[in-house]
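K.L.:
Give me a 3D structure for the following:
(2 chains)
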Protein chains: 2
Amino acid sequence: MIRNALLFVLLAASIYATRAATADEGMWTFDRFPSALIAKTHGVTIDQAWLDRVRQSVVRLQGCTGSFVSGDGLILTNHHCVEGCLAQHSSRDKSLLESGMLAERREDEIRCATQIAEVLVATEDVTARVAEAVRGLDERAAKERRRQTLTNLEQSCEKAEPLQCEAVTLYGGGQYWLYKYRRYTDVRLAFTPEDAIAAFGGDPDNFQFPRWDLDMALLRAYAGDRPAETPNHFTLDFAGPKTGQPVFVAGHPGSTDRELTVAQLTTLRNLELPQWLLRNSELRGRYIQFAKTSPSAARIVPERLFGLENSIKVRRKLLDTLLDDDFMRRKGDDEAALRRRVASNPKLRAEIGDPWSRIEAAERAQAAIFLRHTYLEDGAGFNSRLFRYAREIVRAAAERSKPNAERLREYRDSALPELEQQVGAAVPIYTELEELTLSFSLERMREWLGPDDPIVRKLLATESPDSLAASLVTGSKLGDAAERLRLWRGGASAVDASRDPMIVLARDVDPEARALRKRQEDEVDAITEVAGEAIAKARFAVFGTNAYPDATFTLRLNPGTVQGWDENGTPVEPFTRVDRLFERATGRPPFEVPESWQKARTTLDPTTPFNLSTNNDIVGGNSGSPLIDANGRIVGLVFDGNIHSISGTYWFDAAKNRAVAVDTAVIREALTKIYKADRLAAELGVTR
Amino acid sequence: MIRNALLFVLLAASIYATRAATADEGMWTFDRFPSALIAKTHGVTIDQAWLDRVRQSVVRLQGCTGSFVSGDGLILTNHHCVEGCLAQHSSRDKSLLESGMLAERREDEIRCATQIAEVLVATEDVTARVAEAVRGLDERAAKERRRQTLTNLEQSCEKAEPLQCEAVTLYGGGQYWLYKYRRYTDVRLAFTPEDAIAAFGGDPDNFQFPRWDLDMALLRAYAGDRPAETPNHFTLDFAGPKTGQPVFVAGHPGSTDRELTVAQLTTLRNLELPQWLLRNSELRGRYIQFAKTSPSAARIVPERLFGLENSIKVRRKLLDTLLDDDFMRRKGDDEAALRRRVASNPKLRAEIGDPWSRIEAAERAQAAIFLRHTYLEDGAGFNSRLFRYAREIVRAAAERSKPNAERLREYRDSALPELEQQVGAAVPIYTELEELTLSFSLERMREWLGPDDPIVRKLLATESPDSLAASLVTGSKLGDAAERLRLWRGGASAVDASRDPMIVLARDVDPEARALRKRQEDEVDAITEVAGEAIAKARFAVFGTNAYPDATFTLRLNPGTVQGWDENGTPVEPFTRVDRLFERATGRPPFEVPESWQKARTTLDPTTPFNLSTNNDIVGGNSGSPLIDANGRIVGLVFDGNIHSISGTYWFDAAKNRAVAVDTAVIREALTKIYKADRLAAELGVTR
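P.N.:
The predicted model follows:
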């Protein structure tokens, strides 16, 4: 395996310039997928028809990816991508997360109130139009005009076509695009296994491999209360992939920071990551301890805890990466080399200037406002779902009274339907968790901003974090979806008239929070955007345009092969099998095999491949992505990466970065022998 | 104030060489206190008689400092230094931490079972003897021989005199000393205020100034069940100090890392501090959430939580300091300059070699064993008081069967009486907290070492962290002091025969834990000790011997003056007054003024100085130190530093590093008007 990987590096090195992708690195947009290189290195043909078929069969979910796997809108994705939906249908007395769910009949499929699904139908390069619009403006004015231009482009696009149009920035500002999606707002859940097997090994095994996780779920897109017609869809090959086989991941990687400058990475290392980790490690402790207080507490905590622990694991590895002086030195060397190339070319120097120094200054400005921005505008001081509703309602009311192009981006017309769906969805709110998180965040705000910060002083003049959180949470009616919708639809006059304490709080904090956002946008973001564009231009000029952009939760295609890796001299095999699952179980969560599996154990083929690793270049957002063979068939379901894949946010480590997927073979085995999900298995093309 | 500080910097710069102390920087040993410099800069005379009197009046407590303040063994120290004693006399139903305590009569003073107090009687330089003993040995052999030599020196010393003898390493190995103490093992508590006023402002105000904390306690040393005779003691000047007045802090600063190399600082920054902070931030959350489950939980948590939050604040500021690239660059520049000086001097080069590169290699070795050493040997995986007892008992039994000089250092004969006092003290053990911390630490051990680590795998083969912690804690009898003493005294045969699950666990883990310790000592400590000696020699050779050593919890004297500082352009005044305490109160913990103060409010002089700041160079361990005027009278009680003082671990920031003390004026006001502690006030020399 390792030899293959090295071979690719050597081949790639002869083809690519410095800083361009090497080996199987790369989250390629579909318009510049390196088919020729793939033909050469992997011996397979990826033509335009293949790309179009795949593009139209992949689905974007919130924060995740899925794929159509039948003509009736059936979507294959991860269990952990539908945890929110499962929690919405759970209560203090029952947890669907724990029990899993199976819709025996189509009419038993349950609506995920906040879920949407989108398919990328078309893309349009609008770089030239944006450049034209901002020509000659200074950084702040350019930022404002760019925002307006993108909003106007989206608006015209949506008037012209029955699609969702979204402006997309690629290459840190090197390109601007309109991405056009077909959107499904009625998405229902058809099947998930129990979380004990979907996430067998829990947090300890998260981002580890070998693994034994059936991290799968089946959703269905509906249109007009009927299953959506999805002629573009994948078929599954239940034989699964083989070691060394070329495989492709199509999906929506959320974000990477490979294009950031050293100054930006340093801010992440020194400020953002430590502050986030300290804060959320404590929250983790509070959740865990609270979960021990009663069975109902134990039932309602996991939905929040699993996501939190996942984020903690990601960020501690990100911090490790940035604390690695070798890594930072390489980044610094690359940056210095590019700066020299620019400086030594008079034409380029005149065009590019010195965006790196501009960013360094912006990062100093960032440091000055970082803590207050984090707590007051980013919401770290008001960790409460009720508060987030309140802020959405308060801000949307104010923003909607302005012309579309002048609003904060997230309240542009094209975004409002989804926001209204989120705000108006009837989902359970647990006051005990609200008080826990709100009290915690108020306490930490006091710690980090200090008791004498004007807002802290005002909020806690005669209150403790506990007492204030309790009165806000018990006094607010925002737990009621109807009340939220009333305020949302009532707009500014309804919001102004409200005495709901959470609305009052959001209203009171808003001027200061908006002022901090304005400073962040004017003093930091405006500079880094313009500087980012300049650096992108420098890269194109020096290294050519044969490069992939940082991930932006837009559709990408990543080549690779099924392979393990070498972990400090120990080879890690790329496949696990069913038999080892039972051997690894301890009988205690999170290493407890659920009863359904124990019962069916003897019926299972112990040699069935379970999970596998590949060298596709993925990150968070790729969860639920189909693992596709050269023929365009699904052979696996991506759900994770190994621990080294986390560093993929900053660079691709060809030797160690691996994606982790569920083998289609175990999907068939589970659906047919354990869950008896005959209806869905048939729809997926399982034949006995 | 600020002008004064700058003046000292300028003066000092003309007198001292690079890297020697500047301004009032310096934790001086009494044998080389810079009296001449002090006479010049502060205009006061510190002669040998002054030094001797002060030395014999200062008391070393565990982790803290105190001072004799009467001829009958009365000791003035901080409230936070006696939290352990208060907790030992508390229960689920009452908290002395909360209520405070006052012994109306001498016979009401309560014994602090684990407390000892020590006075430094004499010191002896043994550098030459150690050098002679290790001459010609390689690093590992030298480490072993040095350890034996120091133990033997202590042993002969104690045979010769009725004193406790302790070997002390100064200048990172540049000097070795024997420090000889008079020890008091019967220490009793006479007075503390409520923690609401001792630590008014709680964690939010910790390491902040302005402050309003009466962080004081009165202990008494006993000998033969009667108050110890302490003819050497301080008198208090209840007028307190004045702005600009020279003041001295005598005490036992715990440890500083100003002599560490860049490689060692990098290990702290990349490994030790982030790992510690992540882990203990979570523990903080667990404690806080647990404290909310019942009134008794709320009563037993604070003793642990206060100390933990203090450590978190310290370490997050330490991490910030090390993440400051300017600081690291300065450290790097200093180091490079010293290396160049050594390299350019053939004689020095031959003698010193390249200890910096040796340390770099040792730090790489450290990184390889860091996590397992932290969890298995350092105890991060077994966070439980019962486990710590078990390990002490198991290890002491094994070690005591060896000749004194061959034991692990902490089990040498001279250390055993204190260990036995700790192990045998009847103190409350709360099983609910034991389970909390043990389950937590087992869970984190599994997270960081991985479920497949052999020890993790063995411990958790069929258990969860919760179930294992519960069975260990409920199954162990080590909560009973008599049982602990039985095993301690029974030695190896009693330990081998024990089936106590905590003893069994400590026994099972011990071989691997000891192996890790061995690797740490052989592959890391042995190298850094020899290299540290070489670097100290290089410093002496290049900069002269006019420098103070890193803090080592041995007696030091720090000069300074009463002064505030400039915080980002805002001057901070050096005194607070009683009136502002009441204005700052919110009525909610930790900003709630206790009832005793509210009742007496009208009787208090509102202009009484409360806390003050000085530029003495202190760190943790100086808590409880007397703040002494030029006449050798106590004018304040050191209890904290400002936030910048934390960076004092790595460097002294003359512009911003400030110590924080309780003014003697408020001590008199409180003792007489609020607590009516007439007996003790009279003993302290208060006259109405």
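K.L.:
Residue A:98: how many residues sit nearby?
P.N.:
16 (other CB atoms under 10 Å in any protein chain shown). Placement of C-beta: from N, CA and C, glycine included.
K.L.:
for residue A:53, that is, sorry about that
P.N.:
Neighbour tally, residue A:53, other CB under 10 Å: 15.
K.L.:
contacting residues around it?
P.N.:
A:232, A:632 (CB atoms under 8 Å, 6 or more residues apart in numbering or on different chains).
K.L.:
Quick check: closest non-adjacent residue to residue A:330.
P.N.:
residue A:651 (7.8 Å; CB to CB, 6 or more residues apart in numbering or on different chains).
K.L.:
per-residue confidence at that neighbour?
P.N.:
You'll see residue A:651 listed with a pLDDT of 96.
K.L.:
Any idea which residue of the stretch 501-650 of chain A lies closest to chain B?
P.N.:
residue A:588 (3.8 Å; CB to the nearest CB).
K.L.:
I'd say that residue and residue B:467 touch.
P.N.:
Yes. Taking CB atoms under 8 Å as the definition, residue A:588 is a contact partner of residue B:467 at 6.5 Å.
K.L.:
which secondary element of chain A has the worst mean pLDDT?
P.N.:
Sorting the helices and strands of chain A by mean pLDDT, DSSP states H and E puts helix A:2-15 at the bottom, at a mean of 30.
K.L.:
could you give the mean pLDDT of the helix or strand following that one?
P.N.:
Using DSSP states H and E, the helix or strand that follows helix A:2-15 in sequence is helix A:35-42. For helix A:35-42, the mean pLDDT works out to 94.
K.L.:
Then stretch A:318-336?
P.N.:
96.
K.L.:
Can you classify residue A:183 by secondary structure?
P.N.:
strand (DSSP: H, G, I helix; E, B strand; the rest coil).
K.L.:
Could you check the pLDDT of it?
P.N.:
Confidence at residue A:183, expressed as pLDDT, is 97.
K.L.:
Which single residue of the stretch 101-250 of chain A ends up nearest chain B?
P.N.:
Counting by CB to the nearest CB, the stretch 101-250 of chain A gets nearest chain B through residue A:204, at 4.9 Å.
K.L.:
For that residue, give me its contacts.
P.N.:
Counted by CB under 8 Å, 6+ apart, residue A:204 has contacts A:590, B:446, B:447, B:450, B:451.
K.L.:
how does it look with 7 Å?
P.N.:
A:590, B:446, B:447, B:451 (CB atoms under 7 Å, 6 or more residues apart in numbering or on different chains).
K.L.:
By neighbours, which of those residues wins?
P.N.:
Ranked by neighbours (other CB under 10 Å), those are led by residue B:446, which has 24 neighbours.
K.L.:
what about the helix or strand in which that residue is found and chain A, any contact?
P.N.:
Using DSSP H and E, residue B:446 maps to helix B:431-449. Yes. Contact between helix B:431-449 and chain A, assessed by CB under 7 Å from any CB of the partner chain, occurs at B:446, B:447.
K.L.:
Please export the C-alpha coordinates of the following helix or strand past that helix as PDB.
P.N.:
Per DSSP H and E, helix B:431-449 leads on to helix B:454-459 as the next helix or strand towards the C-terminus. Once side chains and other backbone atoms are set aside, the C-alpha atoms of helix B:454-459 remain, and they are given as PDB (Å, rounded to 0.1, in the frame of the first residue of the first chain):
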ATOM      1  CA  PRO B 454      -2.400  -2.800  27.100                       C
ATOM      2  CA  ILE B 455      -3.200  -1.400  30.500                       C
ATOM      3  CA  VAL B 456      -6.400   0.400  29.400                       C
ATOM      4  CA  ARG B 457      -7.500  -2.800  27.700                       C
ATOM      5  CA  LYS B 458      -6.900  -4.900  30.800                       C
ATOM      6  CA  LEU B 459      -8.600  -2.500  33.100                       C
END
